[in-house]
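> Show me how the following folds:
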Amino acid sequence: MKSVGFALRLAMALAVLGLVAGPVLAKARITSKTRYYSVSGTTGYELFKSMNRRGPRHAFMQKAMAQTQYKTSPRGKMVWKKGVCRVENGGYDAVITYVFPRPAARLSPAMKRRWATFMKHTTGHERVHGRIAVEMANALDSRIRRFAMEDSRGCRRAVNRLRLDVKAIYKRYDDKQNAYDKREHRDGGPVEKSVMQLVK
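Down below sits the predicted model:
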């Protein structure tokens, strides 16, 4: 399950004129980290119920069992030179945080094996969300670094153009994230099968 904070990311992206300059990189600067939340229980069903209570918030009144959270922030400053506006020292940073459950109690050997199988799928699922987030950050980074447009000294049309480009990139990758979740969470799909083997 991914969590992106779209409005916050977009608001940051639109503040192109006031960004802090940084070094030009071939790709976005990616930082990833992992954190865990504790779940109670010693059976699959108890662990599943605890994840539904304690998991990271996914939507209003909903919780996820695991989650990939990511925030992006642009670098650079829009400058005008000889009739052309471009982002000087432009680029993007992204921080990706994986959130996973961790049993608080000691599990039986059989339950440990079932939990390990469940977590193998869960981790793989979230890593795909992370990979898509990295692709998005690199696409944003590339667009900002390569951006150039003829405009007047105020660069107003250029800023507008870049704003639309950034918004389109966000939407393209948000759609990709949602399409992946739809496939994984379909009835009888991988997520349901993973949960069923845990609670059986």
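
> List the contacts of the closest residue to Arg57 other than its chain neighbours.
Nearest non-adjacent residue to Arg57, counting by CB to CB, 6 or more residues apart in numbering: Lys63, 6.1 Å away. Heads up, the C-betas are built off the backbone N, CA and C, glycines and all. By CB atoms under 8 Å, 6 or more residues apart in numbering, the contact set of Lys63 is 51-57.

> same question, Ser32
95-98, 130.

> ok, so what distance separates Val134 from Phe147?
As judged by CB to CB, to the nearest Å, Val134 and Phe147 stand 20 Å apart.

> where are the low-confidence patches of the protein?
1-26, 59-61 (pLDDT under 70).

> Find the residue at the geometric middle of the protein.
Tyr70 (3.6 Å; CA atoms, centre = their mean).

> other SSEs contacting the helix or strand where that residue lies?
In this assignment (DSSP states H and E), Tyr70 forms part of strand 67-81. Contacts defined by 3 or more CB pairs under 8 Å, 6 or more residues apart in numbering; DSSP states H and E place strand 67-81 against strand 2-3, helix 6-14, strand 84-103, helix 109-146, helix 156-184.

> Report the distance from whichever helix or strand comes after the last one to the chain centre.
The C-terminal neighbour of helix 156-184 among helices and strands, as given by DSSP H and E, is helix 190-199. The gap between where helix 190-199 is centred and where its chain is centred comes out at 24 Å by CA atoms, centre = their mean, to the nearest Å.
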